[in-house]
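Visitor: could you look at this predicted model? Sequence included:
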Amino acid sequence: NAGVTQTPKFRILKIGQSMTLQCTQDMNHNYMYWYRQDPGMGLKLIYYSVGAGITDKGEVPNGYNVSRSTTEDFPLRLELAAPSQTSVYFCASSPGTDDRIDTFGSGTRLTVV
Amino acid sequence: GEDVEQSLFLSVREGDSSVINCTYTDSSSTYLYWYKQEPGAGLQLLTYIFSNMDMKQDQRLTVLLNKKDKHLSLRIADTQTGDSAIYFCAEKQSARQLTFGSGTQLTVLP
């Protein structure tokens, strides 16, 4: 099993550009999450999903959109990149039935210049 | 609102014990976690404790939970240079997402 796979690992965007951060899990987990980690800080929740077709805002959703058309995929969209979105983005998933353990991806380091 | 707080830095000598502290505010938290993050890497789950437990031991790691004071601690026995990293405390609330502290940078001195 690959677990949670995030692509790309690194990306540099210009202000105003758009991009999609991909996240895929092969564990048939119902719950998926997107977090961002700013330098010297903990992770903050951007969006989460409790199942296909269902998404909800987290603590810092502004400037982002998500979709969940399948159980496996939970892409995060940045429409108009801003320097404030320079961060490391982590995707995570959990079964939903067993709430103990979340599985994290290895992260996407995004720089907006 | 919910908040998780940790001290920012801790330095210990190799072989000593490290104690990293955390306070949280949400009394409905079900699980509390300690994650380790090495430079440029993702998060590694170290250990977790269910909210109705007081203590959990796992090899060199001991987690203590004081639910009355909403205080969580992580003790690392016989701290090694490989333990140098940032340690994050996190709580899982009823809505099932994790809320993280800002992390404690542990530096192990030779």
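Guide: Good, I have the coordinates.

Visitor: spell out which parts of chain B neighbour chain A.
Guide: Taking Cβ under 8 Å from any Cβ of the partner chain, the part of chain B that reaches chain A is made up of B:4, B:30-31, B:41-43, B:45, B:48, B:50, B:88, B:90, B:92, B:96-103. For the C-beta atoms, the positions are set from N, CA and C on the backbone; glycine is no exception.

Visitor: again, only using 7 Å
Guide: With Cβ under 7 Å from any Cβ of the partner chain as the criterion, chain B meets chain A at residues B:30-31, B:42-43, B:45, B:48, B:88, B:92, B:96-98, B:100-103.

Visitor: quick one, which of these are buried?
Guide: Buried residues within the residues of chain B next to chain A, counting neighbours by 16 or more other Cβ atoms under 10 Å in any protein chain shown: B:31, B:42-43, B:48, B:88, B:92, B:96-98, B:100-103.

Visitor: so who does A:E79 touch?
Guide: Applying Cβ atoms under 7 Å, 6 or more residues apart in numbering or on different chains to A:E79 gives the contacts A:18, A:65.

Visitor: state the distance from the residue in chain B positioned nearest to chain A to A:L21.
Guide: Going by Cβ to the nearest Cβ, chain A is nearest to B:F100 of chain B, at 3.3 Å. Distance of B:F100 to A:L21, computed by Cβ to Cβ, to the nearest Å: 19 Å.

Visitor: ok, B:T104 next?
Guide: The spacing between B:T104 and A:L21, counted by Cβ to Cβ, is 28 Å.

Visitor: contacts for the worst-scoring helix or strand of chain A on mean pLDDT next, please.
Guide: Of all the helices and strands that make up chain A, strand A:103-104 has the lowest average by mean pLDDT, DSSP states H and E, namely a mean of 90. Strand A:103-104 is contacted from outside by A:3-4, A:27, A:90, A:92-93, B:42-43, using Cβ under 7 Å, 6+ apart.

Visitor: which of those residues tops the neighbour count?
Guide: Highest neighbour count within the contacts of strand A:103-104: A:S93, with 28 neighbours (other Cβ atoms under 10 Å in any protein chain shown).

Visitor: which residues sit against the helix or strand containing that residue?
Guide: Element membership for A:S93 (DSSP states H and E) is strand A:87-94. Taking contacts as Cβ under 7 Å, 6+ apart, the residues outside strand A:87-94 that touch it are A:4, A:6, A:21, A:23, A:25, A:27, A:29, A:31-38, A:43, A:74, A:76, A:101-105, A:107-110, B:42-43.

Visitor: give the PyMOL command for selecting the buried subset of those.
Guide: To isolate the buried ones among these in PyMOL, judged by 16+ other Cβ under 10 Å, type:
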select buried, (chain A and resi 4+6+21+23+25+29+31+32+33+34+35+36+37+43+74+76+102+103+104+105+107+108+110) or (chain B and resi 42+43)
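
Visitor: quick check: B:F50 touching B:Y33?
Guide: No: look at B:F50 against B:Y33 with Cβ atoms under 7 Å: they stay out of range, at 10.7 Å.
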